[in-house]
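Student: fold the following.
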Amino acid sequence: MRNLAILIFDNAEVLDFAGPYEAFSVAEDAAGNKLFNAYMVAERARPIVARNGFTVMPDYTLFDCPKPDIILLPGGDGRRVAMHSPLILDWVKQHHAHTEHTLSVCTGVFFLAKAGLLEGLAATTYHTRFEELAELVPSATLHPDKRWVDNGKVITSAGVSAGIDMSLYVIEKLHGAEQAARTAREMEYDYYPRPQG
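Tutor: The predicted structure follows:
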């Protein structure tokens, strides 16, 4: 079972973290064994108030979370503040050095950009934020037409619901198409796997 840490912060986009959390949390093999231990991580141990007042309590802080095999970085307007936090950026860089995959949803890609982890890679993000991303990381190849982009270790997705598609793609990548389809059925989600860069 892989540890999957999802960063959360004030004014994060709810579906950016809740959609992937659902997908990875319900992923079970045919014998009913959970494939991922998904948990929420925040800078401090306090309720996080995401978009529109949606409040969630993190499972861990940056300092006491289990070592993740995968990290997921959501977006939302709150990333404009959170992406400048030295504590968050250090956490991203520290764990990225050892992760199997580092994932971003929507404008969560800006955490990768600020941490220097997007240089020379391909990426996608929310449809209104490509110009800002291009200014921050001129060496990145941006794909406004892609739901998600796979660089191998780093996988980025477009906004909000695209994070669910990317999560199912990662489940497929790690456990096969049958497992991704089983997870999508459990969620009653119409998943259309297709090459995405």
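Student: looking at the chain, which residue lies furthest from center?
Tutor: Ala31 (26.8 Å; Cα atoms, centre = their mean).
Student: quick check: which element contains the residue nearest the centre of the chain?
Tutor: Compute the mean C-alpha point of the chain, and by Cα atoms, centre = their mean the closest residue is Leu72, 3.0 Å away. Per DSSP states H and E, Leu72 falls inside strand 70-73.
Student: which other helices and strands contact the very next helix or strand once past that strand?
Tutor: Once the chain leaves strand 70-73, the next helix or strand it forms, by DSSP H and E, is helix 79-82. Here helix 79-82 touches helix 109-114, going by 3 or more Cβ pairs under 8 Å, 6 or more residues apart in numbering; DSSP states H and E. No exception for glycine: its C-beta is placed from N, CA and C like everyone else's.
Student: tell me the mean pLDDT over the helix it packs on?
Tutor: Per-region confidence: helix 109-114 scores 98 on mean pLDDT.
Student: what of stretch 177-192?
Tutor: The model assigns stretch 177-192 a mean pLDDT of 91.
Student: stretch 63-70 now?
Tutor: Mean predicted lDDT for stretch 63-70 stands at 97.
Student: strands along the chain, start to end?
Tutor: 2-7, 36-42, 48-49, 55-56, 60-61, 70-73, 101-105, 122-123, 141-142, 148-150, 154-157 (DSSP state E).
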